[in-house]
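S.K.: build me a structure from this.
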Amino acid sequence: MSLQKRLLILSGLIALIFAGGTLGFYFLGNLAGGRPGLLDSLYQTTITLTTLGSREMKPLTELWYGKVFVIVLLFAGMGVLFVFATSLTAFLVEGELRHIFWRRKMDKLLEKLENHIIVCGAGATGTFVIEELLGSGHEVVIVDAQQERIERILEAHADKRIPYVLGNAADDEVLERAGVVRARGIVVVLPDERDNLFVTVTARQRNPRLRIITRSSDAQDEARLTRAGADVVINPSRIGGLRMASEMVRPQVVTFLDQMLRGQEQTLRIEELPLTAGCSMVGQALRDTNLRREAKLLVLAIRDASGQRTIYNPPPEQVLETGDTLIVLGPVDSVRRLRQKMR
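M.R.: Down below sits the predicted model:
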């Protein structure tokens, strides 16, 4: 039985003992010839159980059944109060100790993370962001001021160890604990536009190489956030409008993309694979990489190092160069394994 449930049961027993003591003193007192009221009976019960007073309710306490009642009440009440006090102490101490150990364990986990993605805000939009990042196999750190939101996500992904920081993302210390200096990206989806701006400015100052994605529903705020250091500013109204138009004119394409992203049997994603100088695929023709046959990856496009030129549906004889980025479609696990080999 948990301490919380035990405390609830003991609280109920204490209430019953006080009620029983009050009624006992009231009826037995009147039976003994006294005229005690309910308040007098409650007062007598309280000083009896707490041993804080010596006042006796005469003539009841001079009669044998009055003495027996007081003894039974005292032993029963003191026993329950003692167990309640020890359980309450254990609850407070263990809860504090659990919090201390949790904090240390989480801090150690956060200190080890590198190239992770921080998501500030676990509301409706933030939850979708976290779901997609986890589904794509990325390391995610959740930052939110509400424990309930974080616990909801943790319960939905009980099989994963998801680090998080409980606190306001606009606090510099919270971002430091989340590892903003070592992160490769941050998604800012806080409900307050001013907090989004402040976190964007702070994150850019802490980590100039950080990729910052934030949200704004106002055109003026979009420009302000871009100047503050955001790489991309997402307007939910614009995205929603484009989605609705696509549902109208190209429903099969939208259905295909939805099934690809949310398929239960196999999770497919369109991912990007940057080719560094040490990658074994550099200098090879696309046909010789065996990406299609071995990794089950379809190369949709290739972007050069400058990002200015994109080759769509590249031919098999296309030679891969250092700095190229492959845009591929395939299973998440295949992309993850290939990334590990390319490191």
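S.K.: ranges for the strands of the chain?
M.R.: With strands called from DSSP state E, the chain shows them at 117-120, 140-144, 164-166, 185-188, 211-215, 232-234, 268-274, 298-303, 310-312, 325-331.
S.K.: list the residues that contact Pro65.
M.R.: If you look again at residue 65, you'll see it is Tyr, not Pro. Leu28 (Cβ atoms under 8 Å, 6 or more residues apart in numbering). Yep, even glycine has a C-beta here, placed from its N, CA and C like the rest.
S.K.: from Trp64, how far out is Val180?
M.R.: 75 Å (Cβ to Cβ, to the nearest Å).
S.K.: just Thr267 next, same as before
M.R.: Plainly put, Thr267 is 79 Å away from Trp64 if you go by Cβ to Cβ.
S.K.: Gly12 now?
M.R.: The value you get for Gly12 to Trp64, if Cβ to Cβ is used, is 31 Å.
S.K.: neighbour count: these two, which is higher?
M.R.: The residue with more neighbours, out of Gly12 and Trp64, is Gly12; 11 against 7, by other Cβ atoms under 10 Å.
S.K.: distance of that one from Leu42?
M.R.: From Gly12 to Leu42 the distance is 18 Å (Cβ to Cβ).
S.K.: any low-confidence regions in the stretch 1-150 of the chain?
M.R.: 1-4, 52-63, 66, 91-100 (pLDDT under 70).
S.K.: can I see the domain layout of this protein?
M.R.: Per the record, the chain has its domains at 3-107, 113-240, 267-342, by automatic domain parsing.
S.K.: out of those, which is closest to Thr255?
M.R.: Nearest to Thr255, of all those, is domain 267-342, at 13.8 Å by Cβ to Cβ.
S.K.: what mean pLDDT does that closest one get?
M.R.: Mean per-residue pLDDT for domain 267-342: 87.
S.K.: span of it from start to end?
M.R.: Domain 267-342 has an end-to-end distance of 21 Å (Cα to Cα, to the nearest Å).
S.K.: stretch 128-146 too?
M.R.: 17 Å.
S.K.: stretch 284-299 too?
M.R.: One end of stretch 284-299 to the other measures 14 Å (Cα to Cα).
S.K.: any buried residues in that stretch, and which?
M.R.: Going by neighbour count (16 or more other Cβ atoms under 10 Å), the buried part of stretch 284-299 is Leu286, Thr289, Leu291, Ala295, Lys296, Leu297, Val299.
S.K.: pick out the most distant pair among those residues.
M.R.: Taking Cβ to Cβ, no two of the buried residues of stretch 284-299 sit farther apart than Leu286 and Lys296, at 15.2 Å.
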